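K.L.:
Kindly return the folded structure for what I paste below:
(chains A and B)
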Amino acid sequence: MPDKPGRNAIEVVNVSKIFGSGEGQVAALDTVSVSIRENEFFTLLGPSGCGKTTLLRLIAGFDFPSAGEILLYGEDIAPLPPFKRPVNTVFQSYALFPHMTVADNIGFGLEMLGKPKDEIQARVAQMLKLVKMEALSNRRTSQISGGQQQRVALARALAPQPKVLLLDEPLSALDYKLRKEMQIELKRLQHETGITFIFVTHDQEEALTMSDRIAVMSAGKILQVGSPRDIYDRPAERFVADFIGETNFLKGTVVSKKSGVATVKLASDAIVAAGFPEDFDPSDAVTVVVRPEHADLIADASKGTVAGTLANVVYFGTDTHYHVKLDSGDNFIVRQQNSRSGAVTFEPGAKVGIVFEDDGARILRD
Amino acid sequence: MANVVSRAALFEAKAERAASRRNRLLATPALVIIGIFGVLPLLIILVYSFLEAAPYGGVQWKFSTDAYLNFLFQQDIFDDTLQFTPDFLIIYLRSFLFAVVTTVICLLLGFPTAYFMATRTPAQRNWWVLLITIPFWSNLLVRTLAIMFIIRDEGLINNLLMGLGVIEKPITMLYTNFAIQLGLLYSFLPFMILPLYASLEKLDFRLVEAANDLYATRRQALWRVIIPLSLPGIIAGCLLVFIPALGAYVTPLILGGGIHLMIGDLIAQQFGSGRNWPLGCAQALILMAAVLVALYFYVRNTSGKVQHG
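P.N.:
Next up is the predicted model:
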């Protein structure tokens, strides 16, 4: 359901969170505003310390904002304690109750809500089936594996049918294969339950593959909100481009511009056309970014947009990375998909030219 | 191949035996001390309890079960019939009551304190632990005498209240059950707080957040998550308070003024003015038996609920 406009499940309005006081005070969140739509898989993405977990904790109710409002379907929940919010959390450490069985863990929320016993039992059975853990319902949580604990944590948080499910880096403790499996599993669960998911991660690949929309955060601020494709193809800022995927940065000067496309003269005197975001008016010295897969190598150095010497070739199985030392002194990486019908191969030391795909180059705010 | 494996296994078993021998050696000094100063005296007490009292203290080497009979019965002065005299039993029951009340109140006071300590920053926690252990730096006798000075008729509390005009006559607190209870609470509270703190300090407070997140109010989170997970500390604290409180000697002696006896004083009396060593030995063994029985049921009832992990 990419970019399907709908009701807003959560609206974060000008929220700030300041920890400590006096000299030692730190703004973990700085007047952040974001709207999260109903039934959407929304990801808060950023490096550690960017404030993404703080924002999640504010929505969950473990911390309270220093300023601003958090609306759940229009109602301000910021002053409510966590047990009065129809929002549940999957913790990074899972935080399963070690003195209870799997089934008791899953039923805990419903029990606290005062639901009748038979209803709890039925719901627990349903959740166990949903996360494929029926066989282990009477085990203690210390007797099951990490991946199984992960499923129990999910089932426990989903059992009370929250309006919004918060997930705090839930996959970070799993090994690579299990993580891939759980990514698909999470998407399936979100689809089947129709619950709004807010997912926190520092893993850009995870964010790109799972999310309907992503908010990229850095230093307590949200830099860009958009679909994975938006974020990847049209990053609004240099930080976003740098954090998500690999990017080549080239210095240049704006020569002329018209309706979203500027003509830029690069350091190597090459002239390229580069797009730029609507809300940005580039002038003079700018940075042009090019994704490694939006560029190609050609043997004829004189015909390329830029030219250089091939320094290194790194084989990755699915693709090959060519590290080029440009004549202007910058480094540039070109990625080529490998195929059986052997594309032209280049040897280190060769003089090569680089060409950009249409719309491959963009100008970004620093 | 098999030969190599079996030889390796043999070597491993040998190494294991050697290690276990070494470890036994490490415990030997402590075991010797426990043997000489713990087990041996206990055996002497056991033997003495089945002997006859000598008129001026000590024992006569004649087998007798009088000590145990005298615990509940007394010989009539005029004929040989035994009469049920519950005096000792009453002292025992009162001591148990004191110990139970001490344990319960210590738990009620100690748990919030330990919880408060465990939720401070690590640096602050160390200071709190230090503060809790400060009473151990001075002698129990001195501290008990200090309480005496605070609660006696011309003591701090009564003088203050009379000076303020709240009361006209001093409230008698010293040499009452209240004084003993106060002294016991004061002496044993740290023994409750420290194991509770040790347990709560290890508690993963994210579990409390998880409980709150799943609609548990603070009270529900306390009963369903915090208390079950700190049960090992609760059990340890209760044992550390109950057992010594039951056998307390100095506190009831000073604050109870010898009027309100507890088991400890009763036993001491038999070896002093009572001059009935066998009876004192029997009383000590009966106390030990009672504690062991109580412990058995307590541990059996609580250990099933304890989860380590």
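K.L.:
What residues does chain A have near chain B?
P.N.:
With Cβ under 8 Å from any Cβ of the partner chain as the criterion, chain A meets chain B at residues A:60-62, A:81-83, A:87-89, A:91, A:93, A:95-99, A:108-109, A:112-113, A:140, A:142, A:156-157, A:160. Every residue, glycine included, has its C-beta placed from N, CA and C.
K.L.:
Among those residues, which are located in strands?
P.N.:
Those of the residues of chain A next to chain B mapping onto strands are A:87-89, per DSSP state E.
K.L.:
Can you tell me which of these has the most neighbours?
P.N.:
residue A:89 (30 neighbours; other Cβ atoms under 10 Å in any protein chain shown).
K.L.:
Okay, and the beta partners of it?
P.N.:
residue A:166 (DSSP bridges).
K.L.:
So it sits against residue A:53, correct?
P.N.:
No - between residue A:89 and residue A:53 there is no contact under Cβ atoms under 8 Å: 10.9 Å.
K.L.:
hey, what's in contact with both of the two?
P.N.:
Common neighbours of residue A:89 and residue A:53, using Cβ atoms under 8 Å, 6 or more residues apart in numbering or on different chains, are residue A:168.
K.L.:
List just the nearest of the ones in strands among the residues of chain A next to chain B to chain B.
P.N.:
residue A:89 (4.8 Å; Cβ to the nearest Cβ).
K.L.:
just the buried members of the residues of chain A next to chain B?
P.N.:
Burial by neighbour count, 16 or more other Cβ atoms under 10 Å in any protein chain shown: within the residues of chain A next to chain B this picks out A:60-62, A:82-83, A:87-89, A:91, A:93, A:95-99, A:108-109, A:112-113, A:140, A:156-157, A:160.
K.L.:
Quick one: low-confidence residue ranges for chain B.
P.N.:
B:1-5, B:303-309 (pLDDT under 70).
K.L.:
How about the residues of it by chain A?
P.N.:
So far as Cβ under 8 Å from any Cβ goes, chain B lies against chain A at B:204, B:206-207, B:209-217, B:220, B:224-225, B:228-229, B:305, B:307, B:309.
K.L.:
Quick check: nearest residue in space to residue A:178, chain neighbours excluded?
P.N.:
Among residues not flanking residue A:178 along the chain, residue A:147 sits closest, at 4.8 Å (Cβ to Cβ, 6 or more residues apart in numbering or on different chains).
K.L.:
quick one, what contacts residue A:70?
P.N.:
A:10-13, A:15, A:58-59, A:76-78.
K.L.:
Tell me which of these has the lowest pLDDT.
P.N.:
Among the contacts of residue A:70, residue A:78 carries the lowest pLDDT, at 89.
K.L.:
Near it, how many residues? Count them for me, please.
P.N.:
Neighbours of residue A:78 (other Cβ under 10 Å): 19.
K.L.:
partner residues bridging the nearest residue to it once chain neighbours are set aside?
P.N.:
Distance criterion Cβ to Cβ, 6+ apart; nearest residue to residue A:78, sequence neighbours excluded, is residue A:70 at 4.4 Å. Residue A:70 forms beta bridges with residue A:12, as assigned by DSSP bridges.
K.L.:
ok, now how distant is residue A:70 from chain B?
P.N.:
From residue A:70 over to chain B the distance is 15 Å, taken as Cβ to the nearest Cβ, to the nearest Å.
K.L.:
residues in contact with the residue nearest the centre of chain A?
P.N.:
The centre of chain A sits closest to residue A:207, judged by Cα atoms, centre = their mean, with a distance of 3.3 Å. Applying Cβ under 8 Å, 6+ apart to residue A:207 gives the contacts A:43, A:45, A:199, A:201, A:214, A:228, A:244.
K.L.:
again, only this time at 6 Å
P.N.:
A:43, A:45, A:201, A:214 (Cβ atoms under 6 Å, 6 or more residues apart in numbering or on different chains).
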